[in-house]
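[1] build me a structure from this.
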Amino acid sequence: YWEAHDEPEHLRTIRDRMLRNSRDSKQLLKLYRRILTHGKIPSHHSPETLELRLTGIVIKKQGCYVPFNHIYTSVFDRAWVDQELAEMSMPSPTLPRWSVLAASAFAGICVIGLRSLGFLEASELKSYDKLMGLRPSEGQDERLLLITITEEDIQAQPIKERGVASLTDRGLEQLLIKLERGKPKAIGLDLYRDYPVSPDFPELAKRLKDAQNLVAICNYDPKIPPPPEVSPDSQGFNTVLLDSDRVLRRHLLAVGNAQPCLNNYSFNFELARHYLRDQKINVSSTPDHYLRLDSTIFKTIDPDTVGYHHENSSGHQILLNYRATPQIAKTITLSEALSDRFDVNQVKDRIVLIGTTADSFHDNHWRTPLSESGFGPSKVFAGVEIQAHMLSQILGAVLDQRPLIWWLPKPAEWLWIGLWAAVGGLIGWQFGRSLLWFSLSSGVTILVLFGTCWLVLVVSAGWIPLVPAAWAVMVAGGSMVLLFRWQDSQHRDSLR
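    Next up, the predicted model:
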């Protein structure tokens, strides 16, 4: 009777606060019944008493909770409370099993649709970085040695000889002579030298021209030519590809036209070719036009590989499987390499990479998936370290069978997302009437999903969709919870 005359709504608002908007309506009703029975109860700061007071049905007076007024006690009396508690104790109808399928399909379609529009790209890339950073350490790559030119090394060289370069002709000549005594497999010069050697150092010019194991850099974007003295086989571009968040996750091996470079292979790929030459391993191409070294095939990415959305995939791009280690290889400074204390036998059969880490040359700011993992105290990497990781990836894949990053085809990814949507739907169907158990079971499920994706990445370098699958679990489970709420509301209204 009162519901039909409750205009504007007031009593119905109180009722809804008690029955529909509460986290635990049964506890509120039992607490309110105690107040009706005894007339009052002592106030205390429990979540239930605070929530009951916020409904407006009781008020605090002289340290006790009492009914707000006689109108409320006549409408929401003991009989009303007992009736509501009896209805809550009655078994609620169960949702049909097809509702799980419907909720799972709805969740899967929504997540796949949002993903295809690029809305999940940023979160997918971040989750990939997190998984990469949590891998166990692999240790240094013993095939490599890094010689870094620090700010102190630069300042120690005469400014008249050095000019705007990080290494003088004199210093480079001394370094190459010393390194060649140690018989390295290859030397990578990760320094721009788009100018000829000074006439004062003809032996250096001849050494650069005749060297069979030296590779220098050039760049096609921006266009920076290679050293004029080196042959096409002794140069490679060091161009890198940044994602939209300025993180370096991709590895460019070759392009169709690298002008002004005279070699279409990257600096690190050319160094790997030099290293593998003694083992009679040469580059070839598969029928699908993938690069191949021995039995290792470098499968290229496409614009929508895993978490990417319409990414530029031109050239021979692969994903970069960074070596999980605080330091990619043994590293010494230029001054240490030129000192008498340096043992040249350290470079024997190694690839020596020479590059700058000085702040003044702005080549030490690269962010990678390892930047958030604690690998590298500065959180950023120098260009020579990036090249070392790329080179290590190639050599590890060819010689150690260290896996390259792989991914599922799109239909398999859709199936993966759909399976986790079904899991979320089943969880919602089983625990949807208890927010506590639903939250706990959903949390455990997402932890299992995270662990599965991490394990696949650690064991076989597979990038399996994590974020879309997690969203599928939550959307499907949440849909089932809402269906239960709607069904219980309909059931309660029908009993009235």
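[2] state which helix of this protein is the longest.
    Determined from DSSP state H, the single longest helix within the chain is helix 467-495.
[3] so which bits of it are buried?
    For helix 467-495, burial by neighbour count (16 or more other C-beta atoms under 10 Å) applies to 467-481, 483-484, 487-488, 492. In short, each C-beta sits where N, CA and C put it, glycine included.
[4] low-confidence stretches in the stretch 301-450 of the chain?
    373-378 (pLDDT under 70).
[5] er, the stretch 151-300 of the chain I mean
    Within the stretch 151-300 of the chain, not a single segment meets pLDDT under 70.
[6] quick one, strands of it?
    Assigned by DSSP state E, counting those that start in this stretch, the stretch 151-300 of the chain shows strands spanning 186-190, 214-220, 223-224, 235-237, 250-254, 283-285, 291-293, 296-298.
[7] now residue 402. Its backbone dihedrals?
    phi -70, psi 130 (degrees, to the nearest 10).
[8] that one against residue 321, yeah?
    Yes: if you go by C-beta atoms under 8 Å, residue 402 and residue 321 touch, sitting 7.4 Å apart.
[9] which neighbours do those two share?
    Applying C-beta atoms under 8 Å, 6 or more residues apart in numbering, one finds that residue 402 and residue 321 are jointly contacted by 393, 461.
[10] more neighbours: those two, which one.
    A count of neighbours by other C-beta atoms under 10 Å puts residue 321 above the other of residue 402 and residue 321, at 24 against 18.
[11] which SSE is residue 384 in?
    Following DSSP states H and E, the helix or strand that holds residue 384 is helix 383-399.
[12] distance between that helix and the chain's centre?
    Helix 383-399 sits 20 Å away from the centroid of its parent chain (C-alpha atoms, centre = their mean, to the nearest Å).
[13] what angle sits between that helix and strand 214-220?
    110 degrees (axes from the mean of the first three to the mean of the last three C-alpha atoms, to 10 degrees).
[14] which secondary structure elements does helix 383-399 contact?
    If you count contacts as 3 or more C-beta pairs under 8 Å, 6 or more residues apart in numbering; DSSP states H and E, helix 383-399 packs onto strand 144-149, strand 186-190, helix 267-277, strand 291-293, strand 296-298, strand 351-356.
[15] just the buried residues of the third one, please?
    When you say that, I think you mean helix 267-277. Buried, per 16+ other C-beta under 10 Å, within helix 267-277: 267, 268, 269, 270, 271, 272, 273, 274, 275, 276.
[16] the first one and residue 234 touch, don't they?
    No: counting by C-beta under 8 Å, residue 234 is not a contact partner of residue 267; they are 10.6 Å apart.
[17] next, show the common contact partners of the two.
    With C-beta under 8 Å, 6+ apart, residue 267 and residue 234 have common neighbours residue 215.
[18] now the strands for the stretch 1-150 of the chain?
    According to DSSP E, counting those that start in this stretch, the strands that the stretch 1-150 of the chain contains are 41-42, 58-61, 64-67, 144-149.
[19] show residues contacting the first one.
    Strand 41-42 has contacts (C-beta under 8 Å, 6+ apart) with 31, 34, 35, 63, 64, 65.
[20] contact partners for the nearest residue to the fifth one once chain neighbours are set aside?
    Taking C-beta to C-beta, 6 or more residues apart in numbering, and ignoring the residues beside it in sequence, residue 64 has residue 40 as its nearest neighbour in space, at 4.1 Å. With contact set as C-beta under 8 Å, 6+ apart, residue 40 has these partners: 61, 64, 65, 66.
[21] partners of the residue lying closest to the third one once chain neighbours are set aside in the sheet?
    Translated: residue 65. Using C-beta to C-beta, 6+ apart and skipping the chain neighbours, the partner closest in space to residue 65 is residue 58 (4.8 Å). For residue 58, the beta-bridge partners are residue 67 (DSSP bridges).
[22] confirm for me that residue 58 is in contact with residue 32.
    Yes: shown here, residue 58 and residue 32 form a contact pair, counting by C-beta under 8 Å, at 7.1 Å.
[23] list residues touching both of these two?
    Common contact partners of residue 58 and residue 32 (C-beta under 8 Å, 6+ apart): residue 52.
[24] tell me, how many residues neighbour residue 245?
    12.
[25] go on, residue 236?
    31.
[26] so what's it bridging to?
    Going by DSSP bridges, residue 236 forms beta bridges with residue 217.
[27] contacts only, for the closest residue in space to residue 54 that isn't next to it in sequence.
    Leaving out its chain neighbours, the residue that sits closest to residue 54 by C-beta to C-beta, 6+ apart is residue 17, at 7.4 Å. For residue 17, the contact set (C-beta under 8 Å, 6+ apart) comprises 54, 55, 56, 57.
[28] tell me the two of these that are most distant?
    54 and 57 (9.5 Å; C-beta to C-beta).
[29] how far out from the middle of the chain is stretch 343-354?
    34 Å.
[30] which positions within it qualify as buried?
    Neighbour-count burial for stretch 343-354 [16+ other C-beta under 10 Å]: 347, 350, 351, 352, 353, 354.
[31] quick one: which of those is nearest to residue 157?
    residue 354 (14.3 Å).
[32] for that closest one, name its beta-bridge partners.
    residue 147, residue 189.
[33] OK, contacts around the closest residue to residue 360 other than its chain neighbours?
    Distances taken as C-beta to C-beta, 6+ apart place residue 151 nearest to residue 360, at 6.4 Å, with adjacent residues excluded. For residue 151, the contact set (C-beta under 8 Å, 6+ apart) comprises 358, 359, 360.
[34] need these in a markdown table with secondary structure, can you?
    Shown next, in a markdown table, are these (DSSP: H, G, I helix; E, B strand; the rest coil):
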| residue | secondary structure |
| --- | --- |
| 358 | coil |
| 359 | helix |
| 360 | helix |
